[in-house]
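Asks: When you get a sec, could you give me coordinates for this:
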Amino acid sequence: MLVVLSGASYWALTAASRAALEGVPPDVARAKTEATPKVDLVPPKADDGLQIGYEAKSYPVSGTTALEVLASLRQRGPRSDNESFFGLTETSMDLTYRYTDLEDGCVVHDVRLDLDVAVTLPEWSPSSGTDPALVDDWGQFYRALARHETTHREIAEDEAQALYRRLDGLRRGTCALLEAELRHRLQVAQRDIEVAHRDYDERTGHGRTEGAVWPVRPRGRASVEPREVR
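Replies: So this is what the prediction gives:
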């Protein structure tokens with residue numbers, strides 16, 4: 001029998017904080033041609049039974065000053081629970097399998113686990129005459145934000161791989177018990193992923209300790225006070 005279990009899509013609460021962070025050193029190379037640097041976010045190929053789908057999303061950002069860019073980030077950034085964020089990672093899992101009822105129990109086989117990951121990041125194209133230091137700051141901010149969201153993606157991938165290994169060849173006394181166990185393990189994996197995301201955001205202040213903050217450096221009255229988002 002072929003069975004499909006669809007894990008409810010859930011938001012990885014992964015957004016970087018919208019707060020400013022004092023004391024961040026401006027140790028970043030100049031981004032002269034592209035304000036938004038190219039970052040390779042393509043995940044590695046999965047096993048045949050574990051398929052990972054990846055979608056890169058972006059939203060436009062405008063502005064010629066740090067505060068204008070900040071306002072655009074807040075207005076146009078992805079939203080979760082009525083809050084806007086600089087970057088966001090969304091994941092969902094679908095489990096497909098067959099099982100065979102044998103004399104000594106019920107065994108699962110032909111397991112396929114599909115993990116879909118969508119990462120949303122900002123994209124800013126500065127106008128001519130924009131302060132080069134602001135362009136530098138954006139490059140530093142974007143790379144830090146991309147790394148932060150990449151870690152969230154890797155958290156989901158690691159949990160999906162662990163779940164797939166635990167399901168392969170699983171056997172129970174009856175097929176009803178087997179199906180119940182498979183549903184339970186999928187639910188536990190989803191919960192573990194969400195907990196891991198939250199723990200990571202708590203450790204990093206939603207990316208603040210990794211440099212995923214804007215403005216990167218206070219500029220007199222243009223600075224923004226630190227503010228926790230989630």
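
Asks: next structured bit after the least confident helix or strand in the chain by mean pLDDT?
Replies: Least confident element among the helices and strands of the chain, by mean pLDDT, DSSP states H and E: strand 10-12 (a mean of 35). The C-terminal neighbour of strand 10-12 among helices and strands, as given by DSSP states H and E, is strand 50-61.

Asks: buried residues in the helix or strand just after that following strand?
Replies: Using DSSP H and E, the helix or strand that follows strand 50-61 in sequence is helix 66-76. Using 16 or more other C-beta atoms under 10 Å as the test for burial, helix 66-76 gives 66-67, 69-70, 72-73. Any C-beta I mention is one placed from the backbone N, CA and C, and that applies to glycine too.

Asks: Between these, which sits nearest residue 154?
Replies: Comparing those against residue 154 with C-beta to C-beta places residue 73 closest, at 24.1 Å.

Asks: and the longest helix for this structure?
Replies: Secondary structure of the chain per DSSP state H: the longest helix is helix 132-167.

Asks: what's it packed up against?
Replies: Helices and strands touching helix 132-167, by 3 or more C-beta pairs under 8 Å, 6 or more residues apart in numbering; DSSP states H and E, are strand 10-12, strand 50-61, helix 66-76, strand 88-102, strand 105-124, helix 175-204.

Asks: Include distance to residue 214 when you put the ones you listed into CSV, please.
Replies: Shown next, in CSV, are these (distance: least, C-beta to C-beta, whole Å):
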stretch, distance to residue 214
strand 10-12, 20
strand 50-61, 10
helix 66-76, 6
strand 88-102, 15
strand 105-124, 9
helix 175-204, 15
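
Asks: From residue 211, how far out is the residue nearest the centre of the chain?
Replies: Against the mean C-alpha coordinate of the chain, by C-alpha atoms, centre = their mean, the closest residue is residue 89 at 2.8 Å. Here residue 89 is placed at a distance of 18 Å from residue 211 (C-beta to C-beta, to the nearest Å).
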